[in-house]
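Undergrad: Kindly generate the corresponding structure for this input.
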Amino acid sequence: MAVTDTAIEAIKQMIVSGELQPGDRLPREADLAARLGLSRNSLREAVKALALIRVLEVRQGDGTYVTSLDPALLMETMAFVLDLQQDASVLEFFEVRRILEPAAAARAALRMPDTEVTAMRALLDDLGEDPSADDQLACDVEFHRLLAIGSGNRALASIIESLRQPTYRARIWRGLTQTGAVHRSLAEHRSILDAIAAREPEVARAWATVHIAGVERWLNEMVSPEPAAAPAVLRTASAASPRPTIRPIRQRL
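TA: Numbering: from 1, shown residues only. Next up is the predicted model:
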């Protein structure tokens, strides 16, 4: 293991063990280097690396501190890396979304406060029944952000948020080119929200799966030379109908 990696691991263990808590200041550079048996140069490189991934914060003239270690802060690095991925990998990101977002929807059905459900309802109502592709996309981004937050799991919400940018252009493309995509997406959003409002976690999970898998299937057809097999969740849906065969819940708050 490289010396810098050894220093990174040593600092990480100080945090994991609880010796260093979020917001704590690290010992003086000379003292910490001596304690770890490392050169000060190696320690500095380790601190720089940990600062880049938001584990440490270097304050000029004040020392080095452990950050809040909030999941949203730590996931900023993951979001940056995902932004660099090429279009060919976007299907893989949709696969990850199809795994994570239905779980978030199910958790939201159990955990989301009524006030947040009402706010999401207002978001959809304000959009109207015949929105433009641009307005629908903005609503889509906010809807999924609020849904992830409503899961009550900050780490899960942060991971889902980090997947937003890599799939953003595909969602724009679909809204502009696929007939009925805007209205289909809005109808599916309402069905997800109705299930959350009715506190039906498995129904919310199913509708969220259908919603993400529908976009994934369309994208697969766009980028694959051969017709792609539909995701399993869509094989029971009518090809001619934008509405899947899951019975929607229409409960208003």
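Undergrad: Listing request: residues of the stretch 1-150 of the chain with sub-threshold pLDDT.
TA: For the stretch 1-150 of the chain, the stretches with pLDDT under 70 are 1, 75-89, 133.
Undergrad: Show me the residue at the heart of the chain, geometrically.
TA: The chain has I160 as the residue nearest its centroid, 0.9 Å off, counting by Cα atoms, centre = their mean.
Undergrad: ok, now how distant is it from R35?
TA: I160 is 39 Å from R35, where distance means Cβ to Cβ, to the nearest Å. All C-beta spots, glycine's among them, are computed from the backbone N, C-alpha and C.
Undergrad: Next: V96.
TA: From V96 across to R35, the span is 40 Å (Cβ to Cβ).
Undergrad: Need the three-state assignment for Y65.
TA: Judged by DSSP: H, G, I helix; E, B strand; the rest coil, the three-state class of Y65 is strand.
Undergrad: On the strand side of things, show who it bridges to.
TA: R25, E57 (DSSP bridges).
Undergrad: ok, now which ones touch it?
TA: For Y65, the contact set (Cβ atoms under 8 Å, 6 or more residues apart in numbering) comprises G23, D24, R25, L26, L56, E57, R59.
Undergrad: can you do 7 Å?
TA: G23, D24, R25, L56, E57, R59 (Cβ atoms under 7 Å, 6 or more residues apart in numbering).
Undergrad: Ranking by neighbours, what's the top pick from those?
TA: Highest neighbour count within the contacts of Y65: L56, with 20 neighbours (other Cβ atoms under 10 Å).
Undergrad: For that one, which non-adjacent residue is spatially closest?
TA: L50 (4.3 Å; Cβ to Cβ, 6 or more residues apart in numbering).
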